[in-house]
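Novice: Mind looking at a prediction? Sequence and model below.
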Amino acid sequence: MVWKEEELNKWFHPDDIRVILEVQLPLFPKEDIQIWGGTQNGIFTVKSAYHFLCNQQALKDKLKASSSGTLIPQVPKPVWKLIWGCKTIPKIKTFLWKACGFGLATGEGLHHRQITVDPACHRCSEPIESIDHILFQCEFARAVWFGSPLTINFGSENMTLVEWISSWTKLLAKDKANGHLVISLCSFLCWFIWKARNNSIFNQTTTSPSAVCSMAVKAYEEFWSSKGDTALPNQASPHSTPTVQGWTPPPYPSMKLNCDASIHGEGKLSSIGFVVRNSTGLCTLAVSDPLHFTTPLQGEALAIRSRLLHALGDCIEDIMVESDCKELLDLLSRGKDSSPPIYILPIVEDIVYLSTMFCKCQFVYIPRLSNVVADTLAKKALSITGMTTWPVSSSWIINLCKGDTMCKPRSSE
């Protein structure tokens, strides 16, 4: 199914058309449904309506403000204590303090001070570039968080900086030592996301999300190394990557599918990759596809849907699907009872429907560091112009698969 662009051009504004075309349509015909935009899953609740109205009023109040004194939000005292108690360098503490106090030159801040600038985000054209948008809501920022050692996926949550810092108390209550490590790394990620934004605007320097992650982690390690501790945080967040166990072949006669998605260049380039291997660990298919999508979650879903469709055409009856996107796998495990975000609802429904066409279809979580082959294929797609099926006899494919050190061939039964 595809959008009828001639009809869209007839009835909608070009900006609306661009957003509409971003919506993924299902593979199989379905009746249209009404959704409520105030919740992630499209289901109306009184609570969401209340928050929507409160947010609208808060936005109006901000737009009426004309001096910096009226812009400083009411920040709870515990938040200030958490900022100054954060294990990080002093300039990052000052940065977080200014960010919470509306003291940074964001598009929103400059606009409120009656400085003639475009208040929109220069990366994604969000109408109001707030500090919350820069650090958490922009697709570039989400790619940084998702690609970090914490593998955090904020999804469609409109989290504010103050709310996020307030949540640090839960990390510290669970494991104080490791909580400080997690918070410290988060502070460096925020700082380097902010620096990348400034470099992009003032120096016209493009920095990829992966490069931002690398710089933040390097600075974080140097900071803790100076204190005699170089450990990275572990298991301190529900989004943390579990202990790496390595890739293993599926039991005979199953085929194992590994998928991954990649976003690069401030979200302007996106791609998927997948590999299929049999019970001996032999690669039977390796594909890179420069497919367009807007979030890592959407990309992972598109990768799984694409390969399941191909697997049916290849007459595969027993398939095991491995992905490092736990959020998506949790949705798929609940089947028709899940409530996925609106923007991936048609894709998830397609995957659930396609899975019923196999004799056996399993969805299994695999840590990111054990999903190297699919990750490499996805990144290779960033430099090609169309879907490429790589020859499985290629030396680089063979060596890549051999690199999965836990790949121990099983004997056929």
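Specialist: Structure received.
Novice: Not counting sequence-adjacent ones, nearest residue to Gly147?
Specialist: Once flanking residues are discounted, Gly147 sits nearest to Cys213: 4.9 Å by C-beta to C-beta, 6 or more residues apart in numbering. Bear in mind the C-beta positions are built from the backbone N, C-alpha and C, glycine included.
Novice: can you give me the helices in the stretch 301-413 of the chain?
Specialist: Along the stretch 301-413 of the chain, counting by DSSP state H, counting those that start in this stretch, helices occupy 326-333, 345-355, 372-380, 395-402.
Novice: before we move on, the earlier item: list the contacts for the residue nearest to Gly147?
Specialist: Counting by C-beta atoms under 8 Å, 6 or more residues apart in numbering, Cys213 touches 144, 147-149, 189.
Novice: mind redoing it with 6 Å?
Specialist: By C-beta atoms under 6 Å, 6 or more residues apart in numbering, Cys213 lies in contact with 144, 147-148.
Novice: Out of those, who's the most crowded?
Specialist: Val144 (26 neighbours; other C-beta atoms under 10 Å).
Novice: what's the helix or strand for it?
Specialist: According to DSSP states H and E, Val144 maps onto helix 139-147.
Novice: where does that helix sit relative to the chain's centre, distance-wise?
Specialist: 6 Å (C-alpha atoms, centre = their mean, to the nearest Å).
Novice: packing partners for the helix or strand immediately after that helix in the chain?
Specialist: Per DSSP H and E, the first helix or strand lying C-terminal to helix 139-147 is helix 161-166. When contacts are defined as 3 or more C-beta pairs under 6 Å, 6 or more residues apart in numbering; DSSP states H and E, helix 161-166 sits against helix 77-84, helix 90-100.
Novice: and Asn258, that one's in a strand?
Specialist: Yes: assignment of Asn258 by DSSP: H, G, I helix; E, B strand; the rest coil places it within a strand.
Novice: State the pLDDT value of Ser66.
Specialist: Note for Ser66: predicted pLDDT of 40.
Novice: can you list the domain ranges for this protein.
Specialist: 72-225, 255-402 (automatic domain parsing).
Novice: Nearest to Asn41 among the ones you listed would be which one?
Specialist: Asn41 sits nearest to domain 255-402 of all the domains of the chain, at 3.8 Å, using C-beta to C-beta.
Novice: can you tell me which residues contact the residue lying closest to Thr388 once chain neighbours are set aside?
Specialist: Spatial nearest neighbour of Thr388, chain neighbours left out: Ser288 (5.0 Å); criterion: C-beta to C-beta, 6+ apart. By C-beta under 6 Å, 6+ apart, Ser288 lies in contact with 273, 377, 380-381, 388.
Novice: Mark which of those are buried, thanks.
Specialist: For the contacts of Ser288, a burial check counting by 16 or more other C-beta atoms under 10 Å picks out 273, 377, 380-381.
Novice: and Gly179, helix, strand or coil?
Specialist: Once three-state DSSP is applied, Gly179 turns out helix.
Novice: I'd like the distance between it and Gln57.
Specialist: Shown here: Gly179 relative to Gln57, a distance of 35 Å by C-beta to C-beta, to the nearest Å.
Novice: For stretch 401-413, the averaged confidence score.
Specialist: Averaging pLDDT along stretch 401-413 yields 53.
Novice: Likewise for stretch 122-140?
Specialist: 90.
Novice: Just list the residues touching Trp191, thanks.
Specialist: Counting by C-beta under 6 Å, 6+ apart, Trp191 touches 92, 95.
Novice: And for the one 10 residues further on?
Specialist: Residues touching Ile201, when contacts are defined by C-beta under 6 Å, 6+ apart, comprise His122.
Novice: quick one: secondary structure of it?
Specialist: Classified using three-state DSSP, Ile201 is helix.
Novice: separation between it and Gly109?
Specialist: From Ile201 over to Gly109 the distance is 14 Å, taken as C-beta to C-beta.
Novice: just Val19 next, same as before
Specialist: Distance, Val19 to Gly109, by C-beta to C-beta: 26 Å.
Novice: now swap in Pro127 and tell me
Specialist: 15 Å.
Novice: Not counting residues beside it along the chain, what's closest to Gly37?
Specialist: In space, and not counting its chain neighbours, Gly37 is closest to Ile342: 7.7 Å by C-beta to C-beta, 6+ apart.
Novice: how far away is that neighbour from Phe140?
Specialist: 22 Å.
Novice: Among the two, which residue is more densely surrounded?
Specialist: Ranked by neighbour count (other C-beta under 10 Å), Ile342 and Phe140 place Phe140 first, with 23 against 18.
Novice: Show me the shaky parts of the stretch 151-300 of the chain.
Specialist: Within the stretch 151-300 of the chain, the ranges that satisfy pLDDT under 70 run 155-157, 228-246, 265-267.
Novice: can you map out the strands along it?
Specialist: For the stretch 151-300 of the chain, applying DSSP state E, counting those that start in this stretch gives strands covering 255-264, 269-277, 283-289.
Novice: Mind putting these into a markdown table with distance to Asp350?
Specialist: Listed next are the strands of the stretch 151-300 of the chain as a markdown table, based on distance: least, C-beta to C-beta, whole Å:
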| stretch | distance to Asp350 |
| --- | --- |
| strand 255-264 | 14 |
| strand 269-277 | 15 |
| strand 283-289 | 16 |
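Novice: These: which one's closest to His13?
Specialist: Checking the strands of the stretch 151-300 of the chain against His13 by C-beta to C-beta gives strand 269-277 as the closest, at 25.0 Å.
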